[in-house]
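Chemist: Can you look at this prediction? I've put the sequence above it.
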Amino acid sequence: MTKKEKSPKKKGCCLWFALIGLGLIALVVAVPLLRICPPEGPWPQPPWCVNKDDCTNYQPSPIDGLIRTLSDAVGAEGMEIPNACMIMRSYGDNTFVPYEYQELDYITGTEDYPPVDRHIYFSTFMCDYWGHNYEIDTNAFDVPQIVADNWFSMGTDTRKHNNLENSTLRLNQMGPHQSIVFTDFVFVDENFSLAKKNYPGLNIMTQKDMNRLVAVSQENGLEPVLDLTIIDPLFADELVKYFNSGQYGSYYDVADPLQVYNRFNLGEDTLAVHQSWRAAILQEAEMAEKAGFSALFAKDFTGWRNTGEFVDLDNREMKQTIAEVRKVFSGKLGAKVLGLEELSVGYDFYSDLDFVTIEVGTEKIIGGLDENDIQGQINAWKEYLTDPALDVLEGVPEVNVAMGINSYDGVIDGGWIEGAGHYPDLIRDDREQALIYEGFFRALYETPETKVNGIMGGYDWHDYIYPDFHEIRNDLGTSTRRKDAEHVFHRWIQIFQ
């Protein structure tokens, strides 16, 4: 018995169904790529249609599933996106906003601090927000190039905006003798092996990325510095869980630091940790050398900060790591330490480095003071700048302090917060941020005997501040860009010649 052929009518129906199906698929793809927005109504709006709104207020919609799928495809592992607005953000146009100095009427007595012949290292740390804010190398992702290009063009807009060029040019206008610091992330897993993973905002640089960052920085007269941050993937996993939970406050306020930071802080693992980190640092140092970075430092260069019997092991391994890195990297080498407490542990490898950057918790130094009590802040900072714990850095050519001062009311007591958190009760306060920096600079000016001869401040990748920039609350962040503290930095760059 022969099989019946479909009638022309049935064939036509099948063709129409096929065409409708293809049309629906094309629509699903075109809507996010072209940022098509439906009319206002009771239905949820796609994330790219939510303009100038805090992403924490964005209501989840069916489109989030598509965003999740695309995020997985480009390597953003682990991030469940209840709030797809965090990925589909808009920066505004590409207009360059030149820097213009402005006197701050609430800061008086500046005439008492004339220019002085004393070199201070000024470094600017580019904030590592969620998603790269420069034109990343999309070849880093294991997806077809056309998919990666379109995703990043749609999702981050960085291919449409010259954030790197504009940022370095604006910093150049601030004054001479500046370094610009870029963060790269390397993951070391529970087996002490390098884990190549990409999380939102924690993507690994490629050689192409490094080459571009160096070239553009140097074109605008800045010394490019690589901040190598070595992370246990558990930290990123816990961070993702926090953002997915919808909790308020900073992640660092709610996470158990022992669980996140000290998984390997078991004395017997010390050697294995150093060996795995050494492999990571050497790999990055070779790439940094090829790109032409002026300096390299590791945020966790000091191991897991052991105490007691393992300090000697830490010292020995760190000295070996520094010696090995110098064989492949000709620039300056540094380390980042967690406050004066770490300097008091007993390490002595600092003398093998070219610079050390100390993270400063300002609330521990000037907490309890009134923001308008500049003299009180000066006295507190002078005590810090002459603390005997700094003696261990004798002979280190460059000693910087990294001051992550946020711009919210009460920061003098509240201290640092992660700008990507949710803070409905905090109020932006650029004035308090500026006054704290002013107090520090005056203390530094009045304490020429201190071993501290550098400062690192934070800086956004673009000129847009919340609510014009709606991914995170960068109005409360540590960046000084387009805030009063930017003028404080400009004036002191001119004073320290």
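Modeler: Sure, I can see it.
Chemist: now the strands for the stretch 251-400 of the chain?
Modeler: Using DSSP state E, counting those that start in this stretch, the strands found in the stretch 251-400 of the chain span residues 295-298, 332-337, 355-360, 398-403.
Chemist: Figure out which of those strands is closest to M126.
Modeler: strand 398-403 (12.9 Å; Cβ to Cβ). C-beta coordinates here come from the backbone N, C-alpha and C atoms, glycine included.
Chemist: Name the residues of the closest one that are buried.
Modeler: By neighbour count on 16 or more other Cβ atoms under 10 Å, the buried set for strand 398-403 is E398, V399, N400, V401, A402, M403.
Chemist: ok, those residues vs Q433, which is closest?
Modeler: For the buried residues of strand 398-403, the nearest to Q433 is M403 (10.0 Å; Cβ to Cβ).
Chemist: so that closest one touches F440, yeah?
Modeler: Yes: counting by Cβ atoms under 8 Å, M403 does reach F440; the two are 6.8 Å apart.
Chemist: hey, what's in contact with both of these two?
Modeler: I455 (Cβ atoms under 8 Å, 6 or more residues apart in numbering).
Chemist: Note down every partner strand of the longest strand along the chain and its orientation.
Modeler: Ordering each strand of the chain by length in residues (DSSP state E) puts strand 178-188 first. Strands that pair with strand 178-188, judged by DSSP bridges, come out as strand 121-126 (parallel), strand 194-195 (antiparallel), strand 223-231 (parallel).
Chemist: Return the member of those strands having the minimum mean pLDDT.
Modeler: Lowest mean pLDDT of the strands paired with strand 178-188: strand 194-195, a mean of 64.
Chemist: now whichever strand or helix holds Q494: mean pLDDT?
Modeler: Using DSSP states H and E, Q494 falls within helix 484-495. For helix 484-495, mean pLDDT rounds to 97.
Chemist: report the angle between the axes of that helix and strand 121-126?
Modeler: Here the directions of helix 484-495 and strand 121-126 differ by 150 degrees (axes from the mean of the first three to the mean of the last three Cα atoms, to 10 degrees).
Chemist: contacts for stretch 478-492?
Modeler: 97, 99, 101-104, 107, 110, 120, 122, 127, 170, 174-175, 404-407, 416, 419, 430-431, 433-434, 437-438, 441, 457-460, 463, 465.
Chemist: Apply 6 Å and report the result again.
Modeler: Here stretch 478-492 makes contact (Cβ atoms under 6 Å, 6 or more residues apart in numbering) with 101-102, 104, 127, 174-175, 404, 406-407, 430, 433-434, 437-438, 441, 457-460, 463.
Chemist: Just the buried residues of it, please?
Modeler: 478-481, 483-492.
Chemist: That stretch: end-to-end distance?
Modeler: Stretch 478-492 stretches 18 Å from its first residue to its last (Cα to Cα, to the nearest Å).
Chemist: P424: neighbouring residues, count only.
Modeler: P424 has 10 neighbours, counted by other Cβ atoms under 10 Å.
Chemist: Help me confirm that it is found in a strand?
Modeler: No: P424: not assigned to a strand; according to DSSP: H, G, I helix; E, B strand; the rest coil it is coil.
Chemist: measure it to V488 for me?
Modeler: 28 Å (Cβ to Cβ, to the nearest Å).
Chemist: what about this structure, any weak spots by pLDDT?
Modeler: 1-14, 17, 26-36, 41-95, 128-161, 190-203, 234-268, 299-308, 420-422, 468-472 (pLDDT under 70).
Chemist: thinking again about what came up before, can the buried residues of strand 398-403 go into a markdown table with extra columns for distance to I322?
Modeler: A markdown table is the format used below for these (distance: Cβ to Cβ, whole Å):
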| residue | distance to I322 |
| --- | --- |
| E398 | 15 |
| V399 | 17 |
| N400 | 18 |
| V401 | 22 |
| A402 | 20 |
| M403 | 26 |
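Chemist: follow-up on the earlier one: out of the contacts of stretch 478-492, which end up buried?
Modeler: Among the contacts of stretch 478-492, those scoring as buried are 104, 127, 174-175, 404, 406-407, 430, 433-434, 437-438, 441, 457-460, 463 (criterion: 16+ other Cβ under 10 Å).
Chemist: Okay, and which of the residues you listed map to strands?
Modeler: G457, G458, Y459.
Chemist: now the helices for the stretch 201-350 of the chain?
Modeler: Counting by DSSP state H, counting those that start in this stretch, the stretch 201-350 of the chain has helices at residues 207-219, 233-245, 251-254, 257-261, 270-291, 311-328, 339-343.
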